[in-house]
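Chemist: model this:
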Amino acid sequence: MSVIEDAIREFVEIVARVTGADASKVAQEVTFSNREEFGDLSVALPSLGVKNVQALPESLQGKKFVRLVKKEKVYYNAYLDEKEIFESLFQNLSEFYGITKVDNPKYIIVEHTSANPIHPLHIGHMRNAILGDIISRMLSCRGHKVERRFYVNDAGRQVAILTYGYIKLNKPDPPVGVKADSWLGFIYSVTNVVLEIRKIKGELNSADESRRAELIKRLDELVAAAATLESRDRETFYRLVDAINSDPDPEKSIADIVRKYESGTDKEIVSTVRKLVDMALKGFQESLDKLGVKFDGFDYESDLLWRGEVKKVIEEMMSSPYRITYKDTLALEVNVQDERVRDALEIPKGLELPPLVIMRSDGTSLYTTRDVAYTLYKFSRGAEVVINVIAEQQSVPQMQLRAALYLLGHKREAENLFHYSYAMVSLQGSKMSGRLGKYVSLDEVYELVKASVEQKINEKGGNREVIPEVTSGAIRYAIASVSANKQLNFNVKTVTDFEQNSGPYLQYTYARAYNILDKANEEPSVSEADPNYIKGDWRNLLILIAKFPVVMKKACDELRPEDLVAYLREVADVFNKVYNYERVLQEPDRGKRFTKLLIVKGVERVLHNGLSVLGITPLKRM
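Modeler: Residues are numbered from 1 along each chain as shown. The predicted structure is shown next:
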């Protein structure tokens, strides 16, 4: 147990004794005070069921870590003994300070990124990848066995459209110097735009006046997108346009690709699709390597189909009592009525889930059906918990998935499958549409941030060798600092601010702390330090350092990286404040100097371990 947890336990015992409240209830209600005048710990007495607050003592004597407890209106506030906190903390400060393991670790699979292999990763995938990687690190930090997996969506219409366009171009290799996923994204976008233009032109002849106006507006958007694509590679664009327009029935050709690939019977199609998908995945990993994102495995949709796992799920659905006919197709009724089951599956009260369609009319599978098979596969690997990091737009399909699993008899899997949802992310002044080839790629964002970082490091005469680590840290911090359920507006200028609220700011602060310790010609000891000196911001720093194990544990258990980021920023702010007005190494008084050095050592450990969990490299020199 950490020093701060011992202090909280003392406070809980004192409050429970005088109020008669249950100690476990008091422990749940204790919070850290956010204003110095209200002490270090606080508890609202009405939350404990105390009705006559006025009758309680105005002040109470503490024990070891709690110096005094004072009543302020309806609160009891604890004032900690900084001397006892200091001595206990720094007598036991280890390299792994703040990292505590759970008593019963679990085997957890985190599936994240899982972008369609048809174009480069964009800024939305960047948020997914970084959040997925960070929560995986947080779970690992707590001692869980974590496996990171990428679900490869290689079956279905989108990959078939890419394959169709690629075949129409006679299967060319990417041009020299062009990243493979970017090249494939161009082929996919041109193919899709041409197909949509062709479809709309066909509809115009029979459309009524209102529908015709709508179609013309859409056609104008597509023509504008086509012009942009043409400007990127005129020769390839027109070769592809001519090839598609010479096909009497492109939709039949694409449907044939879907069918042949799902069945796995056409070796040429299988080979071609896998080649394209693996090219895209290689491009993905090149991009993610810059951000330190790795996977333990890639799972292909097609393998689920070829092994018969999707067929087995479809058979379960077809024989289920919940099978219905919905809009002339077979579906599973997943709108669970039992409120207890809805609560367990995290389905909001009053939300009516639409039926889950089992398969297309041509017999090919749908992605929701394949998701059921894939979820069962993840649990079959031994996972006790599965977390899917997927955008908030997929909330309903994820609820359908959990409900379908439950109704098919897979209760354990349904109740241990969690959707880690995140909101949209945008770059100022940009709009995206992958189908039209309009997106801000992860690579483009990385290069924009890198250019800004490089400029600032050059201006400061800094260490150019750390530009990649600072760039990655800037991007990771920007993603981690905002709650996943809030929209993120990505601003390059803000995320590379070395002076405040950024990854580079925390890295710069860590380098400051590290270098103070590195330049010290002595190893400070607690016995020779002067804890009587600990006042003002030095005391604030001490209490912040003491809080770290509790903050880290709570942030990791609740998968809230933004809470850890906010805490680390506060530590950095207070440290930089004292750094700017007080010297450490030049302090002539030995006792005071040792006190300062030990607190700086605490700052260094907190920032090192906190940044590491966020996947941000602590830098010794910037």
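
Chemist: Which helix or strand contains F418?
Modeler: Assigned by DSSP states H and E, F418 belongs to strand 417-422.

Chemist: Flag every buried residue along that strand.
Modeler: Neighbour counts over strand 417-422 (16 or more other C-beta atoms under 10 Å) mark L417, F418, H419, Y420, S421, Y422 as buried. C-beta here means a position set from N, CA and C on the backbone, and glycine is covered the same way.

Chemist: From the contact counts, what lies against that strand?
Modeler: Packed against strand 417-422, as judged by 3 or more C-beta pairs under 8 Å, 6 or more residues apart in numbering; DSSP states H and E, are the following elements: helix 123-141, strand 385-391, helix 395-407.

Chemist: okay, the ones you listed, which one's buried deepest?
Modeler: Ranked by mean neighbour count, the helices and strands packed on strand 417-422 are led by helix 123-141 with a mean of 23 (mean count of other C-beta atoms under 10 Å).

Chemist: Residue ranges in this protein under the pLDDT threshold?
Modeler: 428-439 (pLDDT under 70).

Chemist: hang on, the earlier thing: can you put the buried residues of strand 417-422 in JSON lines and add distance to D362?
Modeler: Shown next, in JSON lines, are these (distance: C-beta to C-beta, whole Å):
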{"residue": "L417", "distance to D362": "29"}
{"residue": "F418", "distance to D362": "34"}
{"residue": "H419", "distance to D362": "30"}
{"residue": "Y420", "distance to D362": "34"}
{"residue": "S421", "distance to D362": "32"}
{"residue": "Y422", "distance to D362": "34"}
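
Chemist: Out of those, flag the one nearest to I130.
Modeler: Y422 (9.9 Å; C-beta to C-beta).

Chemist: Surely the closest one and Q394 touch.
Modeler: No. Y422 is beyond contact range of Q394, at 10.2 Å (criterion: C-beta atoms under 8 Å).

Chemist: what's the closest of the helices and strands packed on strand 417-422 to T272?
Modeler: Using C-beta to C-beta, the helices and strands packed on strand 417-422 put helix 123-141 closest to T272, at 24.3 Å.

Chemist: Could you work out the end-to-end span of stretch 32-48 for me?
Modeler: Distance across stretch 32-48, first residue to last, is 17 Å (C-alpha to C-alpha, to the nearest Å).

Chemist: what residues are up against R142?
Modeler: T100, K101, V102, P105, K553, C556, D557 (C-beta atoms under 8 Å, 6 or more residues apart in numbering).

Chemist: so who does the spatially most central residue of the chain touch?
Modeler: The residue lying closest to the centre of the chain (C-alpha atoms, centre = their mean) is L131, at 1.3 Å. The neighbourhood of L131, defined by C-beta under 8 Å, 6+ apart, consists of H112, V389, Y420, Y422, I479, A480, A484, P561.

Chemist: tell me which element the fifth one falls in.
Modeler: Right, I479. Counting by DSSP H and E, I479 is part of helix 467-480.

Chemist: Now that helix - C-alpha only, PDB.
Modeler: Presented in PDB, the C-alpha positions along helix 467-480 are these (Å, rounded to 0.1, in the frame of the first residue of the first chain):
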ATOM      1  CA  ILE A 467      12.500  14.900 -33.400                       C
ATOM      2  CA  PRO A 468      10.800  11.500 -34.000                       C
ATOM      3  CA  GLU A 469      10.100  10.900 -30.300                       C
ATOM      4  CA  VAL A 470       8.900  14.500 -29.800                       C
ATOM      5  CA  THR A 471       6.600  14.300 -32.800                       C
ATOM      6  CA  SER A 472       5.100  11.000 -31.600                       C
ATOM      7  CA  GLY A 473       4.800  12.400 -28.100                       C
ATOM      8  CA  ALA A 474       3.000  15.500 -29.400                       C
ATOM      9  CA  ILE A 475       0.400  13.400 -31.300                       C
ATOM     10  CA  ARG A 476      -0.100  10.900 -28.500                       C
ATOM     11  CA  TYR A 477      -0.600  13.600 -25.900                       C
ATOM     12  CA  ALA A 478      -3.200  15.400 -28.100                       C
ATOM     13  CA  ILE A 479      -5.200  12.200 -28.400                       C
ATOM     14  CA  ALA A 480      -4.800  11.100 -24.800                       C
END
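
Chemist: No further queries at this time; thank you.
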